[in-house]
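Enquirer: make a model of this:
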Amino acid sequence: MTVFGFGRRKREQQQLADAREEALRWYERLGGQLMNLSGDETSVKQALVDASERYNAAGGQLERATSLKQYDLARETSLEGLAYIRAARTAMGLDAGPDLPPLAGARAGQITKEREVDVQGHTYRASPEPGNATPYYYPGGAVAGRGVPAGWYSEPWWKTALVAGAWGIGSVLVFDALFSPGWGDHGYDAAYNAGFDQGMDQGFDQGFNQAYDDSGGGDDGGGDWGDGGDFGGDFGDFGGDF
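Expert: Residues are numbered from 1 along each chain as shown. The predicted structure is shown next:
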């Protein structure tokens, strides 16, 4: 091996070690937070369940990781878990704690005011705050190519798409009712603009979903997460303030 080749190999090994330590740091922080929190409110319990699922998934990802991308996925999973921890603390009336690095899907925006819609005879709600009517938190991100903003919801209607990798017609109708510009003012601070690099984020979403599935993670649906690309080109620009 040449001196040049040896030096490159050493740098790659150091980068991999640094990525592992970074992922492990957030993973251990998530585990520590989980050990110290509990609550009886539905919103608190659900947020902690979601945080625990991310903790288990990140642990599996760390065990198998052999590349920078895989360590980045484990780090992202842990950060998502910590976002749920912050939500649980907020629902408990505690300080949310220090800010986290932005999640990969942070450009999906966030809910800024109460929103209620009826879809096929069923009422769906979204809110910037937890409550009895909105106990399910989502930290925001791309789900099968569409940006679901951070906030509290009456039910986790996005989970089918998260697990299956594609949106069912029912979930699409809910999404459109809550966030489509044609429905007027939604209280949705949309940072999800045309500048969103859809191809890159779909690729991340697919890779994240696959790694999450392999680790035994995922929410109620289980099963095969699929390729996540079916609705990728349908959405275009979510720009502006809703």
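
Enquirer: in the lengthiest helix in the chain, which residues are buried?
Expert: Of all segments of type helix in the chain, defined using DSSP state H, the longest is helix 3-36. Burial within helix 3-36, assessed by neighbour count using 16 or more other Cβ atoms under 10 Å, is assigned to 16, 19-20, 22-24, 26-27, 29-31, 33-34. Bear in mind the C-beta positions are built from the backbone N, C-alpha and C, glycine included.

Enquirer: skipping adjacent residues, who's closest to K45 in space?
Expert: G39 (6.5 Å; Cβ to Cβ, 6 or more residues apart in numbering).

Enquirer: re the thing from before, show me what the very next helix or strand once past the longest helix of the chain packs onto, helices and strands only.
Expert: Under the assignment DSSP states H and E, the closest C-terminal helix or strand after helix 3-36 is helix 42-64. Where contact means 3 or more Cβ pairs under 8 Å, 6 or more residues apart in numbering; DSSP states H and E, helix 42-64 is packed against helix 3-36, helix 68-91, strand 136-138, helix 198-214.

Enquirer: stretch 109-124: how far from the chain's middle?
Expert: 19 Å (Cα atoms, centre = their mean, to the nearest Å).

Enquirer: E155 reaches Y124, doesn't it?
Expert: Yes. E155 is within contact range of Y124, at 7.0 Å (criterion: Cβ atoms under 8 Å).

Enquirer: the two: which has the busier surroundings?
Expert: Between E155 and Y124, Y124 has the larger neighbour count (other Cβ atoms under 10 Å), namely 19 against 14.

Enquirer: show me what the more buried one is bridged to.
Expert: V117 (DSSP bridges).

Enquirer: point out where this protein drops to low pLDDT.
Expert: Residue ranges of the chain with pLDDT under 70: 1-4, 6, 105, 181-242.

Enquirer: as CSV, the helices and strands packed on helix 42-64 with distance to L48 would be great.
Expert: Output for the helices and strands packed on helix 42-64, formatted as CSV (distance: least, Cβ to Cβ, whole Å):
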stretch, distance to L48
helix 3-36, 7
helix 68-91, 5
strand 136-138, 10
helix 198-214, 18
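
Enquirer: E63 and D95, how far apart?
Expert: Remark: distance between E63 and D95 (Cβ to Cβ, to the nearest Å) = 33 Å.

Enquirer: which ones are touching E114?
Expert: Residues near E114 by Cβ atoms under 8 Å, 6 or more residues apart in numbering: R125, A126, S127, P128, G187.

Enquirer: looking at it, Q70 is touching A58, isn't it?
Expert: No. Q70 is not in contact with A58 according to Cβ under 8 Å; the separation is 11.2 Å.

Enquirer: who's more crowded, these two?
Expert: More neighbours surround A58 than the other of Q70 and A58, with 29 against 19 (other Cβ under 10 Å).

Enquirer: the residue nearest to that one when sequence neighbours are not counted: how many residues sit nearby?
Expert: The shortest distance from A58 to any residue other than its chain neighbours is 4.0 Å, reached at T77 (Cβ to Cβ, 6+ apart). The tally of other residues near T77 (other Cβ under 10 Å) stands at 29.
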